[in-house]
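[1] Show me how the following folds:
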Amino acid sequence: MFENSSPNAFIKIIDFGLAVRYRNDGKPLKKTVGTISTMSPQVLEGHYSSQCDLWSIGVIAFTLLSGENPFTHKATSLNQVLKKIIRCQYNFDRRSVLGFSVKSCRDFISSLIVYNPELRLTADEALKHEWLNVDTVETEKSIAFQNEVNENLISYANCSEIKKLGLLLIAHKSKFEDIIGLRKVFLRYDPGNTGYITLEEFKTALDPDKLSDDEFKQVFKRIDTDKTGKISYTEFLAATIELHENIEEDRIWDAFEQIDSDNTGFISKENLRDLLGKDYTEERVNRMFEELNLECKCDKISFVEFSKAFRNDYDMELNLSMVEEKQKD
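    Below you'll find the predicted structure:
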């Protein structure tokens with residue numbers, strides 16, 4: 001699915017109803033499931049690995065370029081389609097298709113639609129293929145932006161716990177157009193396209209000479225809010241989204257309301273327990289309250305106090321009329 005209607009829109013892969021988690025234990029999968037026109041011979045035979053997906057990618061690439069499936073084209077029956085798949089019988093005779101005139105394009109597809117899965121490109125090899133790689137020379141502007149992101153990551157590590165939580169909620173609801181630049185920088189931190197950043201990748205992208213090993217570990221640990229030992233895409237967005245946009249009060253209020261699940265107009269420790277689930281610890285929640293330095297010393301946080309923590313400005317003038325109106329609603 002295209003993420004939006006812009007000419008350079010990213011594509012999202014959807015519909016994982018028949019998907020299984022990737023595993024590399026050598027045990028074959030056996031269920032014959034999926035869409036026949038994109039199935040590899042091994043899926044039809046009931047003995048396959050994750051390499052079946054690389055076959056399917058080749059078929060999809062062929063179809064996107066020509067408008068026709070390589071195996072259903074000119075086939076008059078299901079039996080003919082199955083035979084063509086098993087025999088790996090297809091060709092590039094669609095001379096009118098401009099993409100097929102490019103040698104690297106044909107090479108990419110023919111390196112994926114291969115009967116023997118051991119001879120197909122792996123996912124890593126496919127990503128590095130000549131056809132998929134264009135000039136990646138960075139402009140001065142993109143380098144400057146990445147430097148700003150780097151600084152923001154370090155600053156975020158020192159934010160209060162409650163602000164980090166709020167930014168995570170905002171990151172979850174961010175629109176594509178708000179984060180396009182940050183997504184591109186994330187891919188530089190995550191060169192393997194795994195969807196997360198390891199400590200070593202973090203150090204390499206941020207500049208190994210910028211901090212000491214201990215400092216890198218501390219910053220990394222503070223960004224890794226769910227304590228998985230990796231920085232997820234959402235955690236990265238939470239740490240950098242303020243750089244890309246000014247977080248408006250409505251978005252802060254929306255995050256506040258998500259935490260205030262019982263609609264009392266305050267955030268309680270029970271609210272935080274419900275939201276954090278398995279990530280809840282009494283020490284973490286107590287720290288959230290202590291960092292806010294609440295005047296009433298009570299076990300609840302008002303929107304004004306939440307917003308102050310968000311702005312990092314305890315002397316800011318809040319739009320109190322807006323707060324009162326929201327609380328009445």
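[2] what's the distance between F289 and F92?
    66 Å (CB to CB, to the nearest Å). (C-beta placed from N, C-alpha, C; glycine too.)
[3] Comparing those two, which residue is more hemmed in?
    F289 (20 against 17; other CB atoms under 10 Å).
[4] Just the buried positions in stretch 185-193, please.
    For stretch 185-193, the neighbour count (16 or more other CB atoms under 10 Å) marks 185-186, 189-190 as buried.
[5] sorry, that was for stretch 247-259
    Quick answer for stretch 247-259 (16+ other CB under 10 Å): 247, 249, 251-253, 255-256, 258-259.
[6] what do you get for stretch 35-42?
    37-42.
[7] For the stretch 101-250 of the chain, which segments count as strands?
    196-197, 231-232 (DSSP state E, counting those that start in this stretch).
[8] And S302, its phi and psi?
    S302 adopts backbone torsions of phi -80, psi 170, taken as degrees, to the nearest 10.
[9] Name the nearest residue to it, sequence neighbours excluded.
    Closest residue to S302 apart from its sequence neighbours, by CB to CB, 6 or more residues apart in numbering: F266 at 5.7 Å.
[10] list the contacts for the one you found?
    By CB atoms under 8 Å, 6 or more residues apart in numbering, the contact list for F266 reads 260, 300-302.
[11] Please tell me how far it sits from I13.
    On the measure of CB to CB, F266 and I13 end up 41 Å apart.
[12] Report all helices and strands that the lengthiest helix in the chain contacts.
    Longest helix in the chain, counting residues (DSSP state H): helix 140-157. With contacts taken as 3 or more CB pairs under 8 Å, 6 or more residues apart in numbering; DSSP states H and E, helix 140-157 sits against helix 176-189, helix 199-206, helix 213-223, helix 233-244.
[13] Now render the ones you listed as CSV, adding distance to Y22 and mean pLDDT.
    Output for the helices and strands packed on helix 140-157, formatted as CSV (distance: least, CB to CB, whole Å; pLDDT from 0 to 100):
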stretch, distance to Y22, mean pLDDT
helix 176-189, 20, 80
helix 199-206, 19, 88
helix 213-223, 25, 90
helix 233-244, 17, 84
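[14] just these: most buried one?
    Mean neighbours per residue, mean count of other CB atoms under 10 Å, is largest over the helices and strands packed on helix 140-157 for helix 233-244, with a mean of 22.
[15] tally of neighbours for R273?
    Neighbours around R273, by other CB under 10 Å: 13.
[16] Double-check that it belongs to a strand.
    No. Counting by DSSP: H, G, I helix; E, B strand; the rest coil, R273 is located in no strand; its state is helix.
[17] That one: what's it in contact with?
    280, 285.
[18] mind checking how far it is from R23?
    When distances are taken as CB to CB, R273 and R23 turn out to be 34 Å apart.
[19] swap in D15?
    21 Å.
[20] Among the two, which residue is more densely surrounded?
    Legend: neighbour count by other CB under 10 Å for D15 and R23, higher for R23 (10 against 7).
[21] Got phi/psi on the more buried one?
    phi -140, psi 150.
[22] What is the burial count for the closest residue to it other than its chain neighbours?
    Among residues not flanking R23 along the chain, S50 sits closest, at 7.9 Å (CB to CB, 6+ apart). Neighbours of S50 under the rule other CB under 10 Å: 14.
[23] For S50, give me the pLDDT.
    Here, the pLDDT recorded for S50 equals 92.
[24] residue ranges with poor pLDDT in the protein?
    Low-confidence segments of the chain (pLDDT under 70): 94-101, 134-144, 178, 243-246, 293-297, 311-329.
[25] Farthest from the middle of it: give me that residue.
    Distance to the chain centre peaks in the chain at T76, reaching 41.2 Å (criterion: CA atoms, centre = their mean).
[26] any idea how far it lies from K83?
    Distance of T76 to K83, computed by CB to CB: 12 Å.
[27] and E130, how many neighbours does it have?
    Neighbours of E130 (other CB under 10 Å): 12.
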